[in-house]
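In: Kindly generate the corresponding structure for this input.
(one chain, ligands or ions: 2)
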Amino acid sequence: MTIFKTFTVFLMILMFSFPVMAHDHDDPNLHEADFGIELDDCNAIHVEPHVLGSELDALFFFWTDEPGFDSHAGMFPTGSSIGFNILDALKKWNGNGFDILDPNTEETLTVSFLFSSTFATYETGDGFAEGFEIPVAGDGSWHKHLGYTLNGAGNNDPNSGIYLLELELYNTSSEPNITSSNPFWIVFNLGMPEEDHHESIHWVEENLSQFPDLEQDGYIDFKDFAILASQWLNTDCDCRNNWCYGADITEDGRVDLLDLAKFASNWLESMDNSKEVNSLNQIVDEAGGCG
Ligand SMILES: [Ca+2]
Ligand SMILES: [Ca+2]
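Out: Residues are numbered from 1 along each chain as shown. Ligands and ions are numbered 1, 2, ... in the order given. So this is what the prediction gives:
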């Protein structure tokens, strides 16, 4: 058995021994169904969890206002606003991943908000789309529900399916200067079985959120594992050291079995790609470790 295969078995044992638990809100004071938002120690907007599901209501114009956003009082500078950007085209679940939809011939999604006198709407396009800004409350909190409407092509109703929206939040404050959030996702379901919805949410969690490409070259391989190993059991991870150089994949302050399980499951999934397996074997060969 090669070192590569031995290591794969080792990772699989770890993965099945220490399943990664789904993220829940751990703050009981925030609205449980919403994204929790806060500023971290580096004045970056932190959105938790990174992925939430939502149900579109076919009897109510394919609309929902869930999930919302919630923060504690005093979190953001009063007088500032929080805005959102749509980071990519709307995508649709195909059973194994998400396909990009053509906004000219397929579904789009409209994001809306009712200000005191005006109704603001922004629609997904074929890529990045700028959203709008909503002021922070007088106590420095931001608890808002945007509206989401799925549009069919032309004048048609939208087709049943599971749709993916990618967003980011930013704040208009310049003192302090606040960094935009990392991408986060809403997975909308229109008329599909809940088990398919859950599967698609899990796919986003595994493949888009907390993707453990620590060296950031587009591949998950031994070079990334070397970074994880170098930070193993480190307990002082935070935004100031970029969560222990990315090794604290779960961003909970320490590098431990939860991070290794996350790393292992992504690595094993990437092995479906034979090119990736070849590159991994090549690394083992170059390291002189092929047994
Ligand atoms: Ca990498
Ligand atoms: Ca961790």
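In: What residues does this structure have near ligand 1?
Out: Within the chain, the positions near ligand 1 by CB under 5 Å from the ion are 213, 215, 217, 219, 224. For the C-beta atoms, the positions are set from N, CA and C on the backbone; glycine is no exception.
In: Stretch 40-49: end-to-end distance?
Out: 14 Å (CA to CA, to the nearest Å).
In: Actually, stretch 42-61.
Out: Start-to-end span of stretch 42-61 (CA to CA) is 41 Å.
In: and it, how far from the chain's centre?
Out: Offset of stretch 42-61 from its chain centre (CA atoms, centre = their mean, to the nearest Å): 10 Å.
In: could you flag which of the residues of the chain next to ligand 1 are buried?
Out: Among these, the ones that count as buried by 16 or more other CB atoms under 10 Å are 213, 219, 224.
In: what about the second one, distance to residue 212?
Out: Residue 219 sits at a distance of 11 Å from residue 212 (criterion: CB to CB, to the nearest Å).
In: quick one: common contacting residues for the two?
Out: Applying CB atoms under 8 Å, 6 or more residues apart in numbering, one finds that no residue jointly contacts residue 219 and residue 212.
In: residues in contact with residue 81?
Out: 133-136, 171-172.
In: secondary structure class for residue 38?
Out: Of the three states, residue 38 takes strand under DSSP: H, G, I helix; E, B strand; the rest coil.
In: Do I have it right that it meets residue 46?
Out: Yes: Residue 38 is within contact range of residue 46, at 5.2 Å (criterion: CB atoms under 8 Å).
In: quick one: which of the two has more around it?
Out: When neighbours are counted by other CB atoms under 10 Å, residue 38 and residue 46 differ, and residue 46 comes out ahead with 20 against 16.
In: Can you report how many residues lie near the nearest residue to that one once chain neighbours are set aside?
Out: Leaving aside its sequence neighbours, residue 46 sits nearest to residue 40 (CB to CB, 6 or more residues apart in numbering; 4.8 Å). The number of residues packed near residue 40 is 13, by other CB under 10 Å.
In: Same question for the one 3 residues further on.
Out: Residue 43 has 13 neighbours, counted by other CB under 10 Å.
In: contacting residues for it?
Out: Shown in contact with residue 43 (CB under 8 Å, 6+ apart): 176-179.
In: Apply 6 Å and report the result again.
Out: Neighbour list for residue 43: 176, 178 [criterion: CB atoms under 6 Å, 6 or more residues apart in numbering].
In: Next, it: phi, psi?
Out: The phi/psi pair for residue 43 (degrees, to the nearest 10) reads phi 60, psi 40.
In: What of the one 5 residues further on?
Out: Reported as degrees, to the nearest 10, the phi and psi values for residue 48 are phi -140, psi 130.
In: these two touch, right, it and residue 37?
Out: No: between residue 48 and residue 37 there is no contact under CB atoms under 6 Å: 7.8 Å.
In: about what we covered before: the residue nearest to residue 46 and ligand 1, how far apart?
Out: Distance, residue 40 to ligand 1, by CB to the ion, to the nearest Å: 24 Å.
In: again with residue 269
Out: Going from residue 269 to ligand 1 by CB to the ion gives 14 Å.
In: Point me to the helix or strand that includes that residue.
Out: helix 257-270 (DSSP states H and E).
In: And the average pLDDT for that helix is what?
Out: Average pLDDT, helix 257-270: 84.
In: Could you give the number of residues near residue 220?
Out: Other residues near residue 220 number 23, with proximity taken as other CB under 10 Å.
In: is it true that it touches residue 267?
Out: Yes: contact between residue 220 and residue 267 holds when scored by CB under 6 Å: they sit 5.0 Å apart.
In: do you know how far the nearest residue to residue 147 once chain neighbours are set aside is from residue 237?
Out: In this structure, residue 147 finds its nearest non-sequential neighbour in residue 112, 4.1 Å apart by CB to CB, 6+ apart. According to CB to CB, residue 112 stands 38 Å off from residue 237.
In: related to what we said a few turns ago, so the residue nearest to residue 147 lies in a helix, does it not?
Out: No: counting by three-state DSSP, residue 112 falls outside a helix, being strand.
In: Does the closest residue to ligand 1 within the stretch 51-200 of the chain lie in a helix or a strand, and which?
Out: Per CB to the ion, residue 182 is where the stretch 51-200 of the chain lies closest to ligand 1, at 17.6 Å. Residue 182 is located outside every helix and strand, with elements delineated by DSSP H and E.
In: Burial check on it, number of neighbours?
Out: Neighbours around residue 182, by other CB under 10 Å: 15.
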